[in-house]
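Novice: With the input below, show me the fold.
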Amino acid sequence: MEQIDNDLPEIKRKIKEVVGVAPKERCGVGVLVLKKGSKPEIEIREVENISDIPGVCYIMSPSDLGDKTDDTTFFRKSESSPPLNEVLFIWHTHPTYPSDPSPIDITHMFLNKWYVIYSQSEDTLTAFYKART
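Specialist: Numbers count the residues shown, from 1 in each chain. Below is the predicted model of the structure:
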């Protein structure tokens, strides 16, 4: 897994707007939205955390994840009408921990996807990519 540049101020600002001050882990996807006639924009979409212990970990609701990514290439259902938008990364928060991924985070990451973790207690953002080895 390769760590990339931690200075992602616009993504950090947008995640902070979505999560506010929350005592539990929040999660979602960052989607590059392509709009005709305007420049692409990153949207931060929150996905329901269905974990039994949301103060410690997150589990994305499969149905909500499907709903939040149905206009993207993330779970492509049909090649006949390709969506315009692309999921750039999966994000979640650490309310009281650093923005480094935990062993559980690393174990549950999809291969070949970017991950962004925002630490609310430290106000830091870290991005990681888990490559197929």
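Novice: Can you show me the helices along this structure?
Specialist: For the chain, applying DSSP state H gives helices covering 9-19, 62-68, 103-108.
Novice: Which secondary structure elements does the first one sit against?
Specialist: If contacts are counted by 3 or more C-beta pairs under 8 Å, 6 or more residues apart in numbering; DSSP states H and E, helix 9-19 sits against strand 41-47, strand 86-94, strand 113-119, strand 124-130. Where you see a C-beta, it was placed from the backbone N, CA and C, and this is true even at glycine.
Novice: Indicate which one of the ones you listed is closest to V21.
Specialist: Closest approach to V21 among the helices and strands packed on helix 9-19 is made by strand 86-94 (10.6 Å; C-beta to C-beta).
Novice: Against which helices or strands is that closest one packed?
Specialist: Using 3+ C-beta pairs under 8 Å, 6+ apart: strand 86-94 touches helix 9-19, strand 27-33, strand 113-119.
Novice: any residues touching it, and which ones?
Specialist: The contact list for strand 86-94 (C-beta atoms under 8 Å, 6 or more residues apart in numbering) reads 11, 15, 19, 22, 25-32, 34, 42, 44, 58, 69, 72-74, 102, 105, 109-110, 113-121, 127.
Novice: which among those end up buried?
Specialist: Applying 16 or more other C-beta atoms under 10 Å to those, the neighbour count classes 11, 15, 19, 25-32, 44, 58, 69, 72, 74, 105, 109, 113-120, 127 as buried.
Novice: I figured T73 hits L34, correct?
Specialist: No - look at T73 against L34 with C-beta atoms under 8 Å: they stay out of range, at 11.2 Å.
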